[in-house]
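Novice: Here is my input, please return the structure:
(one chain, ligands or ions: 1)
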Amino acid sequence: MIQLPRMPYRVNLASLPTPLRKLSRISREIGGPDIWLKSDDMTGSLLSGNKVRKLEFLLADALSKGADTIITCGGIQSNHCRATALACAQLGLRCELLLREGDFPRPSGIGQSKAEGNLFLDAMAGANIHIYPKDDYVRHQLQLFREVEGKLKAEGARPYSIPTGGSNGIGVWGYLHGGLELQQDCNSAGFVPDTVICASGSGGTQAGLTLAQYFAVPAKKSRVLGFAVCDNSEWFNRKVARDVAQWGEHAGLDESDRAALAGALQISTIDDYIGPGYAKPYPQMLAMIRQLAALEGVVLDPVYTGKAFYGMVSEIRKGRFADMQNLVFVHTGGSFGLYPYARELLDTE
Ligand SMILES: Cc1ncc(COP(=O)(O)O)c(C=O)c1O
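Specialist: Sure thing, here's the model as predicted:
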């Protein structure tokens, strides 16, 4: 068994610990194990959601390397980009966002009437926003990073690049830390979760939670299950393994420990609830979001948490968790991505 390595320095951005509570009414309504909610949507008000935990470590690394400008990327309504833009403003760093057009219901831009949700907040936080057509972004992402980096360096800036979703070996510390916090919450509430569930978009949250389970103290180990919102489960299983391997290097594990860890980790992803595609909603999932909001006062988003929660409920109904008592759903945030879908959510006729 590998010892838990010492956590590196992190900047304090998130309000922690986030609350854990039982969703009694929806659990009763569905009739399966008790569903608990770990509210990582409450890591802050605007600077909120799962990305803040990763940014605590990523931005600490950037600052330790003397960076003064952060470059990152994502979809036009990226929660990660919004959190990065706000965190940079909080720390006095410049922020450059490379955003991908498309996917979302309405056309976007930075003009007053078009910027909404996360994009609006990116602009408010003073980020320098570059918007690319989807094809260019997908095909030339590395080149786009290099161009922006090159331009900044020529101006005398010291840029630091963060990959999609903040998911790499450093970002993984965020959910190792978050997963250990969750274990303490569950201990205090008097149970060990059978399964911990999250939405997976770039894999870093799932990677950190899976790693935290490996280092869990109780003899009974929980499983971690990621619900994919874009690529298939093979892609996520590989990506989670890669993020963990990178984390192992960053944590200073030697080769044999890294190999032992890779062999011991249980990585599980379900990709049956993506629907028509990334950021494309479907009626049953939207109905689930409405039901949960009205029954528990918990608002999910249609891109990430709505699909994962709907997936979890569907799997409960199919009997996947029949022998289990407690599931924990990690609410990873995303509420600003809700606004572009107001029509889809409320105009149900
Ligand atoms: C609200 C929300 N939930 C879940 C995820 C998925 O997290 P990860 O990218 O770590 O897989 C993201 C980002 O991709 C997100 O913005």
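Novice: drop to CA atoms for contacts and neighbour counts, all remaining ones
Specialist: OK.
Novice: Spell out the secondary structure type for the nearest residue to C186 once chain neighbours are set aside.
Specialist: Among residues not flanking C186 along the chain, V192 sits closest, at 6.0 Å (CA to CA, 6 or more residues apart in numbering). Put simply, V192 is coil when judged by DSSP: H, G, I helix; E, B strand; the rest coil.
Novice: which residues are contacting the one helix or strand in the chain whose mean pLDDT sits lowest?
Specialist: Across the helices and strands of the chain, mean pLDDT, DSSP states H and E gives its lowest value to helix 342-346, namely a mean of 87. Here helix 342-346 makes contact (CA atoms under 8 Å, 6 or more residues apart in numbering) with 286-287, 290.
Novice: Return the backbone torsion pair for the closest residue to N128 other than its chain neighbours.
Specialist: With CA to CA, 6+ apart as the criterion, N128 has its nearest non-adjacent residue at 4.8 Å, and that residue is E96. Dihedral pair for E96: phi -120, psi 120, per degrees, to the nearest 10.
Novice: For the remainder of this discussion, apply numbering that starts at 29.
Specialist: Shifting the count to begin at 29 puts that one at E124.
Novice: E124: how many residues sit nearby?
Specialist: Using other CA atoms under 10 Å, E124 has 27 neighbouring residues.
Novice: wait, isn't it in contact with T97?
Specialist: Yes: at 7.4 Å, E124 counts as touching T97 under the criterion of CA atoms under 8 Å.
Novice: so who does F219 touch?
Specialist: Taking CA under 8 Å, 6+ apart, one finds N354 in contact with F219.
Novice: how near is it to Q241?
Specialist: To Q241, F219 is 15 Å away according to CA to CA, to the nearest Å.
Novice: Kindly indicate whether I159 is helix, strand or coil.
Specialist: Three-state call for I159 (three-state DSSP): strand.
Novice: Not including adjacent chain positions, what is the nearest residue to it?
Specialist: Going by CA to CA, 6+ apart, I159 has L127 as its nearest residue, at 4.8 Å.
Novice: Please tell me how far the one you found sits from the ligand.
Specialist: 14 Å (CA to the nearest ligand atom, to the nearest Å).
Novice: can I assume that residue sits in a strand?
Specialist: Yes: judged by three-state DSSP, L127 forms part of a strand.
Novice: pLDDT score for it?
Specialist: Predicted confidence (pLDDT) for L127: 95.
Novice: ok, it touching N107?
Specialist: No: using CA under 8 Å, L127 is not in contact with N107; the gap is 11.4 Å.
Novice: give me every residue that touches L149.
Specialist: Taking CA under 8 Å, 6+ apart, one finds 110, 114 in contact with L149.
Novice: for the host helix or strand of it, what is the average pLDDT?
Specialist: Assigned by DSSP states H and E, L149 belongs to helix 145-152. Per-region confidence: helix 145-152 scores 93 on mean pLDDT.
Novice: Buried residues in that helix, which are they?
Specialist: 145-151 (16 or more other CA atoms under 10 Å).
Novice: near the ligand, which of those show up?
Specialist: Among the buried residues of helix 145-152, not one lies near the ligand by CA under 6 Å from any ligand atom.
Novice: which one among these gets closest to the ligand?
Specialist: N146 (10.3 Å; CA to the nearest ligand atom).
Novice: Correct me if wrong: that closest one contacts Q105.
Specialist: Yes: using CA under 8 Å, N146 makes contact with Q105 at a distance of 5.2 Å.
Novice: what's the overlap in contacts for the two?
Specialist: With CA under 8 Å, 6+ apart as the test, N146 and Q105 both reach G365.
Novice: quick revisit: check contacts around the residue nearest to I159.
Specialist: 101-104, 106, 157-160, 165.
Novice: tell me which parts of this protein are close to the ligand?
Specialist: 107-108, 193, 195, 227-233, 332-333, 360-362.
Novice: Which of those fall in strands?
Specialist: Members of the residues of the chain next to the ligand lying in strands (criterion: DSSP state E): 227-228.
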